[in-house]
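> pasting a predicted model and its sequence here:
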Amino acid sequence: MNRPESLPPDLVERLRRREPAAFEACYLRFKDAVYRMAARLLGDAQEAEDALHDVFLILWEDLPRFRGDSDLGTWIHRVTVNH
């Protein structure tokens, strides 16, 4: 996945606190990369769109467990591939 620039550490902390504006910033930063990866893996635009939404729902639910051992973009990539 051609990953965009990672998020600043303070934004990652705001994500962990589930701040909607931080989640929106994350979504805007990574949505295109997630969609492209899903489209390549699935080979279907509609399924890729569905996967995009699923991945961000998973992220919202699992963000409190993100340890920060890797870059957030790397973690999002892995969630996308696993989904």
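Thanks, I have it.

> any stretches of this structure with poor pLDDT?
Scanning the chain for pLDDT under 70 picks out 1-7.

> now do the longest helix belonging to the chain: which elements does it pack against?
In the chain, taking DSSP state H as the definition, the longest helix is helix 20-42. Counting contacts by 3 or more Cβ pairs under 8 Å, 6 or more residues apart in numbering; DSSP states H and E, helix 20-42 packs against helix 9-16, helix 45-62, helix 72-82. In short, each C-beta sits where N, CA and C put it, glycine included.

> would you mind finding the most buried of those?
Mean neighbour count (mean count of other Cβ atoms under 10 Å) peaks for helix 72-82 among the helices and strands packed on helix 20-42, with a mean of 17.

> could you export stretch 14-22 as PDB, CA atoms only?
Provided in PDB are the C-alpha atoms of stretch 14-22 (Å, rounded to 0.1, in the frame of the first residue of the first chain):
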ATOM      1  CA  ARG A  14      -6.700  11.900  20.400                       C
ATOM      2  CA  LEU A  15      -7.800   8.800  18.400                       C
ATOM      3  CA  ARG A  16      -7.300   6.600  21.400                       C
ATOM      4  CA  ARG A  17      -9.600   9.000  23.300                       C
ATOM      5  CA  ARG A  18     -12.100   8.500  20.500                       C
ATOM      6  CA  GLU A  19     -12.300  12.100  19.500                       C
ATOM      7  CA  PRO A  20     -14.500  12.300  16.400                       C
ATOM      8  CA  ALA A  21     -12.400  15.100  14.700                       C
ATOM      9  CA  ALA A  22      -9.200  12.900  15.100                       C
END
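
> contacting residues around that stretch?
Outside stretch 14-22, the residues that touch it by Cβ atoms under 8 Å, 6 or more residues apart in numbering are 7, 11, 23, 26, 60, 63-64, 66, 72.

> next one: stretch 75-83
1, 3, 30, 33-34, 37-38, 41, 51, 54-55, 58-59, 62, 66.

> switch to 10 Å and redo it
Here stretch 75-83 makes contact (Cβ atoms under 10 Å, 6 or more residues apart in numbering) with 1, 3-4, 6-7, 26, 29-31, 33-38, 41, 51-52, 54-59, 62-63, 66-71.
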